[in-house]
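>>> what shape does this take:
(chains A, B, C and D)
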There are 2 protein chains.
Amino acid sequence: MKKEITIYDIAADVGLSPTTVSRALSNHPRVKEVTRNKILHAAKNMGYQSNIFASSLRKRRSKSIGVIVPRLNSAFQSSVLAGMEKIATQAGYNLIISQSMESLEKEISNTKIMFNSRVDGLLVSKAGTTDNIEHFQPFFQKDIPVLFFDRVPENNHCTGVVINNTQAIYDATAHLIKEGCKRIVHVLGNLQINVYADRLKGYKYALMDHGFVFNADNVFTNELDEDSGERIVEKILKLNPRPDGLLVSNDTSAASCLIALKKRGIKVPEDLAIVGFNNDLISRMVEPNISTINYPSYHMGEVAMKNLINHLDDENQEILQKTNTITLRSALIIRDSSKRRH
Amino acid sequence: MKKEITIYDIAADVGLSPTTVSRALSNHPRVKEVTRNKILHAAKNMGYQSNIFASSLRKRRSKSIGVIVPRLNSAFQSSVLAGMEKIATQAGYNLIISQSMESLEKEISNTKIMFNSRVDGLLVSKAGTTDNIEHFQPFFQKDIPVLFFDRVPENNHCTGVVINNTQAIYDATAHLIKEGCKRIVHVLGNLQINVYADRLKGYKYALMDHGFVFNADNVFTNELDEDSGERIVEKILKLNPRPDGLLVSNDTSAASCLIALKKRGIKVPEDLAIVGFNNDLISRMVEPNISTINYPSYHMGEVAMKNLINHLDDENQEILQKTNTITLRSALIIRDSSKRRH
DNA sequence: TAGAAGTATGCAACCGATTTCAATACATTT
DNA sequence: AAATGTATTGAAATCGGTTGCATACTTCTA
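Presented below is the predicted three-dimensional model:
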């Protein structure tokens, strides 16, 4: 392997000490302008490349941030990541990304790797089965900031960036009621996840506030994947009286339901009104367009990263410690799949 | 900050030298079984955490791999990344990910960052405007393997993982012809990108082989985003005679076209048959389902990462150097949007 | 039993940038 | 001209793990 150019080589070249070279390269003010230029020039000429390992070893920080998501190949998550990457790069941080595959075990293992990689901060959206946060203890102990997004732990020691899931589904439910729905089915994912637990609350509250009685039979816990529609619709058809409103916690599943319904000749929204969640591309592409909750995913990535980095750079640790939750604005988007009045 | 536990602390604790501790921790064979166990035990007890900076500095490798994609928030890319992450994690490599936003400038800057981060290898899908690969020179010079995927440079010094884009569109075109289409429009992205240039070839060859004359008016270069349908359909309607086949280089755009066509009362596939590309979720969800090319994105991520890591681990550098291109199987999936015969 | 061969451990020199403390050079003030 | 202050620079220790070479200790062979 070719020899690397180090600050010592530069120092020898320009006849100064490594100390001065180091200072010049990091724009330390206590180096004469002329000297600095001479050094920068030599560095460029010699093809100098700073060694981040040496630097990180000495400075005890890596200038990198870890991100753990349940799955990389999800429209929502990749949009969040895009927002994070933008901010991180701007601020000179690297992004180390891994996925937990919705498994607590993998999440623990990923957390360890991130810790060993000495990330300066960690951003996490929990796996479905994660019910404790023991495995983040090493981070807490070393005061390495951990910030959760979307799926946050119940524990309120942790800072999280979220939307108001309860409110969002409250609004969606109220909307369906206003459209004349009498029996609304709510389909959601694993209730261990705050996101879904909160939404269920919103559904209940809205029913209550509008004089409806909550009925557990109308709540389905389900995978929300591409094929879920068939299973969900089968269940719906077994209910008597037949539901006339459907609230699905993700647009992919909502679209899948829509297709399954149409296949059976059930009209949307006339026979059954649908509202999805996320405002994914798919909600705008199927027919009828699916009403949904706009989830500002890209923005969530930006906000989460910005907060974490602010915390790191300004050394005003307290801000994040005192902040408990950052709630982003989400909004109901009404489209044809739920318009039953004229 | 609390003091870190180092191998020196462990050494002092068990009454051995740091050398032996280091060897024991990295499973070096020249340490007695008993000694090793004693050391591992102490390490665990004392809460030892290896310092990768010190290790990387000395060993001159980072155990991390860089990935540069045009955009993170794309169904295709995020699926590729998911495949890469799986393999990388299994092999003990970290993933440092960044996006070029389709800009050469950002790609260059990202490349520099990756180089400075001393990734052990680099995986790249080129930005649209990238027409040279000068900026990877530092990697080539230092013999750090760079592997391209999907969007690869023309230059055939580089190893790439791709599908046979020419064949894919050839098949799609031939299919449309077989379905009775006489005038087929092909919509694709920036022709600087090999992916689209190759597809255009496939389109031309297929026309030729079936006795059609290629007509440049039938080729549109376009953004292939969610809103592209309106613009594309407007252009189509200006053509005379009216086209009866549409080959769109991405499913999002194909779906967008489908919607724009339906809005105008043009029947798919009767008046106009459509074939998309990628086999994204959306192609299966719209009505009619869109015929498309199955692009094995997850698999591409796995294969690319596996090859890169093999190369790194086995030290048999030659394999990758001698491999020019790895082509994955893609296949035409025929759905309702292009079935015109009974 | 001497000598060879092998096994287990340690010494000390790295890897390359940063930073504390101190020294020197230079400018300004009285 | 002396004193004080300020701007530049440098020596050396440090971050923590790895590794070539040396040494001590076993075991085996002739």
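>>> low-scoring stretches of the stretch 51-200 of chain A, by residue?
The stretch 51-200 of chain A contains residues with pLDDT under 70 at A:156.
>>> how does it look with 90?
For the stretch 51-200 of chain A, residues meeting the criterion pLDDT under 90 lie at A:128-133, A:141-143, A:154-159.
>>> spell out which helix or strand contains the closest residue to A:Asn194 other than its chain neighbours, please.
Residue nearest to A:Asn194 in three dimensions, not counting chain neighbours: A:Val152, with 5.7 Å by Cβ to Cβ, 6 or more residues apart in numbering or on different chains. For glycine as for every other residue, the C-beta is placed from the backbone atoms N, C-alpha and C. Following DSSP states H and E, there is no helix or strand that holds A:Val152.
>>> neighbours of A:Val152, how many?
By the criterion of other Cβ atoms under 10 Å in any protein chain shown, A:Val152 has 22 neighbours.
>>> what do you get for A:Thr323?
Neighbours around A:Thr323, by other Cβ under 10 Å: 14.
>>> now swap in A:Ala91 and tell me
Close neighbours of A:Ala91, defined as other Cβ under 10 Å, add up to 16.
>>> any chance you could map the helices in the stretch 1-150 of chain A?
For the stretch 1-150 of chain A, applying DSSP state H, counting those that start in this stretch gives helices covering A:7-14, A:18-25, A:33-46, A:52-59, A:75-90, A:104-116, A:137-141.
>>> what lies in contact with the shortest one?
So the one you mean is helix A:137-141. A:111, A:115, A:122, A:145-146, B:2, B:49 (Cβ atoms under 8 Å, 6 or more residues apart in numbering or on different chains).
>>> quick one on the thing from earlier: return the most buried member of the helices of the stretch 1-150 of chain A.
Of all the helices of the stretch 1-150 of chain A, helix A:75-90 carries the top mean neighbour count, a mean of 23, counting by mean count of other Cβ atoms under 10 Å in any protein chain shown.
>>> chain center to that one, what's the gap?
Here the centre of helix A:75-90 is set off from its chain's centre by 9 Å, with Cα atoms, centre = their mean, to the nearest Å.
>>> and the angle for it with helix B:75-90?
70 degrees (axes from the mean of the first three to the mean of the last three Cα atoms, to 10 degrees).
>>> which other helices and strands does helix A:75-90 contact?
Judged by 3 or more Cβ pairs under 8 Å, 6 or more residues apart in numbering or on different chains; DSSP states H and E, the packing partners of helix A:75-90 are strand A:64-69, strand A:94-99, helix A:297-314, helix B:75-90, strand B:94-99.
>>> in CSV, list those along with distance to DNA strand D.
Formatted as CSV, the helices and strands packed on helix A:75-90 follow (distance: least, Cβ to the nearest atom of the strand, whole Å):
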stretch, distance to DNA strand D
strand A:64-69, 17
strand A:94-99, 19
helix A:297-314, 19
helix B:75-90, 20
strand B:94-99, 16
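>>> how about the ones you listed, which one is nearest A:His157?
Taking Cβ to Cβ, helix A:297-314 is the member of the helices and strands packed on helix A:75-90 nearest to A:His157, at 15.3 Å.
>>> next, the angle strand A:64-69 makes with the closest one.
150 degrees.
>>> tell me which residues of helix A:297-314 come out buried.
A:297-298, A:300-309, A:311-312 (16 or more other Cβ atoms under 10 Å in any protein chain shown).
>>> so what pLDDT did A:Lys3 get?
A:Lys3 carries a pLDDT value of 67.
>>> rewinding a little: and the residue nearest to A:Asn194, how far is that from A:Thr325?
8 Å (Cβ to Cβ, to the nearest Å).
>>> intersection of neighbour lists for these two?
A:160, A:162.
>>> rewinding a little: so for B:Val219, which of the helices of the stretch 1-150 of chain A sits nearest?
Checking the helices of the stretch 1-150 of chain A against B:Val219 by Cβ to Cβ gives helix A:75-90 as the closest, at 29.8 Å.
>>> including distance to chain B and pLDDT, could the buried residues of helix A:297-314 go into a markdown table?
As requested, the buried residues of helix A:297-314 are arranged in a markdown table below (distance: Cβ to the nearest Cβ, whole Å; pLDDT from 0 to 100):
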| residue | distance to chain B | pLDDT |
| --- | --- | --- |
| A:Ser297 | 8 | 97 |
| A:Tyr298 | 7 | 97 |
| A:Met300 | 12 | 98 |
| A:Gly301 | 9 | 98 |
| A:Glu302 | 12 | 97 |
| A:Val303 | 16 | 96 |
| A:Ala304 | 15 | 97 |
| A:Met305 | 13 | 96 |
| A:Lys306 | 17 | 95 |
| A:Asn307 | 20 | 93 |
| A:Leu308 | 17 | 94 |
| A:Ile309 | 16 | 92 |
| A:His311 | 16 | 87 |
| A:Leu312 | 14 | 87 |
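>>> list the contacts of the closest residue to A:Ser249 other than its chain neighbours.
In space, and not counting its chain neighbours, A:Ser249 is closest to A:Leu188: 4.1 Å by Cβ to Cβ, 6+ apart. For A:Leu188, the contacting residues are A:196, A:199-200, A:219-222, A:224, A:248-249, by Cβ under 8 Å, 6+ apart.
>>> just to revisit the earlier point, and the buried ones among the contacts of helix A:137-141, selectable in ChimeraX?
Command for ChimeraX that selects the buried part of these, burial taken from 16+ other Cβ under 10 Å:
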select /A:111,115,122,145,146 /B:49
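>>> tell me the two of the contacts of helix A:137-141 that are most distant?
Maximum pairwise distance in the contacts of helix A:137-141, criterion Cβ to Cβ, is 18.8 Å, between A:Thr111 and B:Lys2.
>>> is the residue nearest to A:Asn194 in contact with A:Gly160, as I believe?
Yes - when contacts are counted by Cβ atoms under 8 Å, A:Val152 is listed as touching A:Gly160 (3.4 Å).
>>> need the overlap of contacts for these two.
Going by Cβ under 8 Å, 6+ apart, residues that sit against A:Val152 and also against A:Gly160 are A:Thr325.
>>> format the helices of the stretch 1-150 of chain A as TSV; extra columns: distance to B:Ser78.
Formatted as TSV, those follow (distance: least, Cβ to Cβ, whole Å):
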stretch	distance to B:Ser78
helix A:7-14	40
helix A:18-25	37
helix A:33-46	37
helix A:52-59	27
helix A:75-90	4
helix A:104-116	17
helix A:137-141	26
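>>> which among those helices is found nearest to B:Arg340?
Nearest to B:Arg340, of all the helices of the stretch 1-150 of chain A, is helix A:75-90, at 31.9 Å by Cβ to Cβ.
>>> circling back to that earlier point, filter the contacts of helix A:137-141 to keep only those in contact with DNA strand C.
Taking Cβ under 7 Å from any atom of the strand as the test, DNA strand C is in contact with none of the contacts of helix A:137-141.
>>> next up, the contacts around A:Met114.
A:Met114 neighbours (Cβ under 8 Å, 6+ apart): A:66, A:68, A:96, A:98, A:122.
>>> the third one and B:Ser64 touch, don't they?
Yes - between A:Ile96 and B:Ser64 there is a contact under Cβ under 8 Å: 7.4 Å.
>>> so for those two, which residues contact both of them?
The overlap between the contact sets of A:Ile96 and B:Ser64 (Cβ under 8 Å, 6+ apart) consists of A:117, B:94-96.
>>> between those, which has the most around it?
B:Asn94 leads the shared contacts of A:Ile96 and B:Ser64 on contacts (other Cβ under 10 Å) with 26 neighbours.
>>> how much space is there between that residue and chain A?
Per Cβ to the nearest Cβ, to the nearest Å, B:Asn94 is found 5 Å from chain A.
>>> isn't there a strand covering A:Thr292?
Yes - under DSSP: H, G, I helix; E, B strand; the rest coil, A:Thr292 sits within a strand.
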